[in-house]
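Asker: Provide a 3D model corresponding to the input given below.
(chains A and B)
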Amino acid sequence: MTLDKEHLEYPQRHYGMDHERYDWSLLSERKPVSWPGEKKLALWINVGLQFFPLNQKGEPFAVPGGMTMPYPDFRHYSLRDYGNRVGIYRLLKAFDQNNIRASFAFNTELAERAPYLLDKIATRGDEILCHGWNMDSLHYGGMDQRDESELVERSVTRLRELSGQAVRGWLSPARNESEQTPELLAANGVEYFCDWVNDDMPFEFRTDNGPLVAMPLSNELEDRFVLMNNFHSEQSWLEQVCDAADFLLAEAKSGNSARILALNIHPWLMGQPHRIGTLEKALAYLSHLDGVWSAHAGEIYDCWRKQQD
Amino acid sequence: MKADPGFYDYWPYEDRPKIEWPNGARIAFWVAPNIEFYELNPPANPYRKAWPQPYPATQGYSIRDYGNRVGHMRQMEVLERYGVRGSVSLSTALCDHHPELIALCAERDWEFFSHGIYNTRYTYGMSEAQERDMIRDAMESIHKHTGQQCAGYLAPALSHSELTLDLFAEVGTELFGDNGGFYTCDLFHDDQPTPIRLRSDKRFVSIPYSLEMNDTIAYVVNRVEPRRYGQMLKDNFDRLYAEGEQSGTVMCIPTHNYQVSCPHRMKAFEEALEYITGHSDVWVTTGREIAQHFIANHYDESLQDIAARGARA
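Answerer: Alright, predicted model coming up:
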């Protein structure tokens, strides 16, 4: 038994990362960042607004939260749709009650299918990010490059037309990418994306079409990850959010750099009657902490960007 | 393939010769931070996939990089606060990629032991010569970058061959004599150190490393809630501390800077550390020191007891 010799060769074994996408850097050694009004913790709530097609292809995998039953899987189709019809309006009320600003990552196909919802968000003045075309249009290694190029352009351009917003941010469905997704995003005028969660602060990311910035939209605290992947209780999600906020705020106060708490949530999960109260408790806790700045993703990005040069 | 790896004989937990830790401590407590490097695009091992998605596996790679960029400093600071020197389970390519982390640990007199070169290079399918080369490369890297003579092993991503422990011990002897390659964290059969039988007859021990207390096993495999993990650590300690009055026990918390150091998990970890180190009869130590103490003071009597108890009346 012997492996090919490449298994004992290490061509990337050198200083820094094993790729050219971004530089190695310790968060603790970076130039300090501050938020407006001497706030120490930026609170970035991102709501995923998603369309899960009934005729899911599952290429190259069935997306988490997608159809799991033989066609036609009415139960998962309709349960996800519930979020866009019912759950989201509970979320919006909860944000307003706690003076919290949220960003909304739309699958562009949902923006086409639910103009009322799109207008509602746009009229509130809340930021809209592009979340790809739909939850079954994945970006993945090995996909046809022309198909992906068309997919990114259609998703971004159409969402700009429909929303009237610049749409500067991107979140890939299932945070999955191909080798060229960052290039395509940069080519389509996207400024920041949320797929590479390597940090608690934004960091610069190289593409062949100019720079992007990776925004730290935590996966570990996401409602889907905690409740559906880890099977934790709602009470535990609340504790984890509060513990994270306390920790990051203390770290920001004891060090010299502000921090970001990013919560990615979904109306088909947190908008359920038995969960909305948990979200309300989390928002009430966060909004009463001393030193929290509730902001859109773009506002946090702009504020960080200005302090980099 | 074997039904039994042949490393040790049956040895009942009750009525063993008493293990005495320094200063009359009941329990040897150590923390083993895994500092790992996962490659974004490793060669595909024929027996185990590194990533679930086709290249680039953004999600899995990102959170592991988060550990090194963000998590390490947090864990190091909290361990320092409670007087714990880490015993680092090291992907030794990290000496090249992130020497800053190595320097920070070395300044604090932390131990480095081998966790292979990359955590995306598996032992599966290697010839004996290839595995020996990989083990030697990793031990030499630690020596070159830290001056330490690597004493312990945890196979990369817990990928083993039948010869892994033999090769590690033998390469350790070739490089450093009896000062290198004398303990393993790869076996989970006991709460006390135990002698391991190797083809070289080297005095070699298994040191309890605890999969159950491993943050990645708890958080990723068993999907434990953070505060429950903190309670599990305290409960594990309480029982081992109580039993340590009879004969010294070992508690290990194996950690990963991308799990335990996430903002929503630090509180539970810190509370457990505060609780454990707040007890009087705790030897807060390292893997190497536990292994050395056992080999110097308890190895021979353990072998005698194992032999005596294996014999039928």
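Asker: CA only for contacts and neighbour counts going forward, please
Answerer: Will do.
Asker: partners of residue A:49 in the sheet?
Answerer: According to DSSP bridges, the partner residues bridging residue A:49 are residue A:106.
Asker: count of neighbours near it?
Answerer: The tally of other residues near residue A:49 (other CA atoms under 10 Å in any protein chain shown) stands at 28.
Asker: name the surrounding residues that touch the longest helix along chain A.
Answerer: Among the elements of type helix in chain A, defined by DSSP state H, the one spanning the most residues is helix A:234-254. Under the criterion CA atoms under 8 Å, 6 or more residues apart in numbering or on different chains, residues A:40-41, A:221, A:223, A:226-227, A:258-261, A:275, A:278-279, A:281-282, A:285-286, A:291, B:225-226, B:262-267 lie in contact with helix A:234-254.
Asker: just for chain B, where's the confidence low?
Answerer: Judged against pLDDT under 70, the low-scoring parts of chain B cover residues B:313.
Asker: spatially central residue in it, please.
Answerer: Among the residues of chain B, residue B:185 comes closest to the average C-alpha position under CA atoms, centre = their mean, at 4.5 Å.
Asker: verify the stated contact: that one with residue B:206.
Answerer: Yes. Using CA atoms under 8 Å as the test, residue B:185 is close enough to residue B:206 to be in contact (6.1 Å).
Asker: which residue, other than its chain neighbours, is closest to residue B:202?
Answerer: In this structure, residue B:202 finds its nearest non-sequential neighbour in residue B:169, 7.3 Å apart by CA to CA, 6 or more residues apart in numbering or on different chains.
Asker: specify the local secondary structure of that neighbour.
Answerer: Applying DSSP: H, G, I helix; E, B strand; the rest coil to residue B:169 yields a three-state assignment of helix.
Asker: swap in residue A:42?
Answerer: Assignment for residue A:42 (three-state DSSP): strand.
Asker: what pLDDT is listed against it?
Answerer: On pLDDT, residue A:42 comes in at 98.
Asker: hmm, it is touching residue A:259, no?
Answerer: Yes. With contact defined as CA under 8 Å, residue A:42 and residue A:259 form a contacting pair (6.3 Å).
Asker: residues in contact with the residue nearest to the centre of chain B?
Answerer: B:152, B:153, B:154, B:206, B:207, B:208, B:209.
Asker: quick revisit: so the residue nearest to residue B:202 makes contact with residue B:204?
Answerer: Yes. Residue B:169 is within contact range of residue B:204, at 7.5 Å (criterion: CA under 8 Å).
Asker: would you map the strands across chain A?
Answerer: Chain-ordered strands for chain A, with DSSP state E as the definition, fall at A:41-49, A:102-106, A:128-130, A:169-170, A:192-193, A:203-205, A:212-214, A:259-265, A:292-294.
Asker: can you put those strands in TSV and add distance to residue B:106?
Answerer: Conversion of the strands of chain A to TSV gives the following (distance: least, CA to CA, whole Å):
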stretch	distance to residue B:106
strand A:41-49	32
strand A:102-106	43
strand A:128-130	44
strand A:169-170	41
strand A:192-193	36
strand A:203-205	28
strand A:212-214	31
strand A:259-265	28
strand A:292-294	37
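Asker: out of these, flag the one nearest residue B:189.
Answerer: Of all the strands of chain A, strand A:259-265 sits nearest to residue B:189, with 40.6 Å by CA to CA.
Asker: state whether residue B:96 is indeed within a helix.
Answerer: Yes. Assignment of residue B:96 by three-state DSSP places it within a helix.
Asker: next, work out how far apart it and chain A are.
Answerer: According to CA to the nearest CA, to the nearest Å, residue B:96 stands 5 Å off from chain A.
Asker: hang on, residue A:3 packs against residue B:125?
Answerer: Yes. Taking CA under 8 Å as the contact criterion, residue A:3 and residue B:125 are neighbours in contact, 5.7 Å apart.
Asker: around chain A, which positions in the stretch 151-300 of chain B sit nearby?
Answerer: Contact residues, the stretch 151-300 of chain B versus chain A (CA under 8 Å from any CA of the partner chain): B:220, B:223, B:224, B:225, B:226, B:262, B:263, B:264, B:265, B:266, B:267.
Asker: filter those residues down to the ones in helices?
Answerer: Using DSSP H, those in helices are B:226, B:266, B:267.
Asker: would JSON lines of those with neighbour count be doable?
Answerer: As requested, those are exported to JSON lines (neighbours: other CA atoms under 10 Å in any protein chain shown):
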{"residue": "B:226", "neighbour count": "25"}
{"residue": "B:266", "neighbour count": "24"}
{"residue": "B:267", "neighbour count": "21"}
